[in-house]
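>>> Turn this into a structure:
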Amino acid sequence: VQLQASGGGLVQAGGSLRLSCVGSGRTFRFYAIGWYRQAPGKQREQVASVSVSGSTKYVDSVKGRFTISRDNAQNTVYLQMNSLKPEDTAVYYCNAVIVGGTDEYWGQGTLVTVSS
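Residues are numbered from 1 along each chain as shown. Purely as a prediction, here's the structure:
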């Protein structure tokens, strides 16, 4: 599966952005999808994930502010980001891992910059 991430940009603190991750192929629904981010000088971290059944997980720093969702009919996973903070500034990547297997794919990054 190929992944295309989009939706990044420049926003002021307190603002919102919605990231999209569009996957190719008819097997997208069999992949768990995660959003990761990597800030300059820091390791990549998983921000949120959604399973094939729709269950979600979040890193503590974004709980209550970010919402991940998937639309399998559109082969798309969204990351709605509200109440953005300067520390959310990073390149955001989407990742797909097939259920029960080892196939894993990454999309290209999309840059999110939050100004104070």
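>>> what about the residue nearest the centre of the chain, is that helix, strand or coil?
Nearest to the mean C-alpha position of the chain, by Cα atoms, centre = their mean, lies residue 35 at 2.8 Å. When classified by DSSP: H, G, I helix; E, B strand; the rest coil, residue 35 comes out as strand.
>>> quick one: contacts for it?
19, 21, 46-49, 68, 77, 79, 92-95 (Cβ atoms under 8 Å, 6 or more residues apart in numbering). The C-beta positions use only the backbone N, C-alpha and C, and glycine is treated the same way.
>>> Per-residue pLDDT of it, please?
pLDDT for residue 35: 98.
>>> Distance check, it against residue 73.
The gap separating residue 35 from residue 73 is 20 Å, by Cβ to Cβ, to the nearest Å.
>>> before we move on, the earlier item: from residue 26, how far off is the residue nearest to the centre of the chain?
From residue 35 over to residue 26 the distance is 22 Å, taken as Cβ to Cβ.
>>> Lowest mean pLDDT among the helices and strands of this protein, which one is it?
In the chain, the helix or strand scored least confidently by mean pLDDT, DSSP states H and E is strand 104-106, which has a mean of 94.
>>> Show me what that strand is packed against.
Where contact means 3 or more Cβ pairs under 8 Å, 6 or more residues apart in numbering; DSSP states H and E, strand 104-106 is packed against strand 90-98.
>>> Contacts made by the strand it packs on with the rest, please.
Residues outside strand 90-98 that contact it (Cβ under 8 Å, 6+ apart): 1, 3, 5, 8, 19, 21, 23, 27-28, 30-39, 42, 44, 47, 77, 79, 103-112.
>>> which residues in the protein form strands?
3-6, 9-12, 17-23, 31-38, 45-50, 56-58, 66-71, 76-81, 90-98, 104-106, 110-115 (DSSP state E).
>>> Can you list the strands that the fifth one pairs with?
Using DSSP bridges, the strands paired with strand 45-50 are strand 31-38 (antiparallel), strand 56-58 (antiparallel).
>>> what does the first one give?
Strand 3-6 has these partner strands in its sheet, going by DSSP bridges: strand 17-23 (antiparallel).
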